[in-house]
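# Structure for the following, please:
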Amino acid sequence: MSEKEKKESPLSTDESPQQDQQLNAPSTVEPIVRVAETSDIINPTSEISDMEVHHHGHVHEKKKWKEYLFQFFMLFLAVFCGFLAEYQLEHMIENQREKQYIKSLVKDVELDIVSLQQTKDIRKKYIRWYDSLVGFGKAIRWK
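Purely as a prediction, here's the structure:
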């Protein structure tokens with residue numbers, strides 16, 4: 001290849017100086033800031049020294065009987081609602097199962113009717129065949 005052809009042909013990715021500059025250049029126009037200058041952003045100093053903490057769990061005060069009654073009522077209500085939900089779910093499942101059994105029963109009865117009709121037709125054919133066989137037997141004996 002001559003020098004002119006080399007200049008006109010596109011360079012490979014390894015040889016391109018423009019591509020090398022693009023790969024090493026930052027992708028944004030933002031200025032590059034050193035880490036030491038950003039330490040306030042990474043570790044901000046907090047002006048809040050005392051945070052208020054809200055404790056729930058173990059209160060060491062004596063409870064009143066109204067609180068015990070209220071907690072019992074809420075627990076009773078939760079368990080009762082659980083039983084109601086379970087009963088409703090069981091009722092729905094039983095209704096679905098009942099409908100499935102009825103459909104299965106109807107299908108079985110229809111198949112039984114078809115089977116009995118076929119059996120009846122076959123037996124009628126055998127009865128006619130036996131009648132004709134008996135008729136031939138009587139005809140042969142009388143002669």
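
# Neighbours of residue 119, how many?
10 (other Cβ atoms under 10 Å). C-beta here means a position set from N, CA and C on the backbone, and glycine is covered the same way.

# in the protein, which spans are strands?
With DSSP state E, there are no strands along the chain.

# Low-confidence regions, it specifically.
1-51, 54-60, 142-143 (pLDDT under 70).

# those helices in it, which residues are they?
With DSSP state H, the ranges of helices along the chain come out as 3-8, 17-24, 39-42, 65-142.

# what's the closest of those helices to residue 52?
Closest approach to residue 52 among these (Cβ to Cβ): helix 65-142, 24.2 Å.

# That closest one - contacts with which helices or strands?
Of the remaining helices and strands, none touches helix 65-142 by 3 or more Cβ pairs under 8 Å, 6 or more residues apart in numbering; DSSP states H and E.

# Mind putting the helices of the chain into a markdown table with distance to residue 52?
Formatted as a markdown table, the helices of the chain follow (distance: least, Cβ to Cβ, whole Å):
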| stretch | distance to residue 52 |
| --- | --- |
| helix 3-8 | 74 |
| helix 17-24 | 51 |
| helix 39-42 | 26 |
| helix 65-142 | 24 |
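
# Let me know which of the ones you listed is the nearest to residue 53.
Closest approach to residue 53 among the helices of the chain is made by helix 65-142 (22.7 Å; Cβ to Cβ).

# Tell me how many other residues surround residue 120.
The burial count for residue 120: 10, using other Cβ under 10 Å.

# residues touching it, list them.
Residues in contact with residue 120 (Cβ atoms under 8 Å, 6 or more residues apart in numbering): none are found.

# For residue 141, grab the count of nearby residues.
7.

# measure it to residue 129 for me?
19 Å (Cβ to Cβ, to the nearest Å).

# Kindly report the same for residue 92.
Taking Cβ to Cβ, one finds residue 92 at 56 Å from residue 129.

# How about residue 140?
Distance from residue 140 to residue 129, by Cβ to Cβ: 17 Å.
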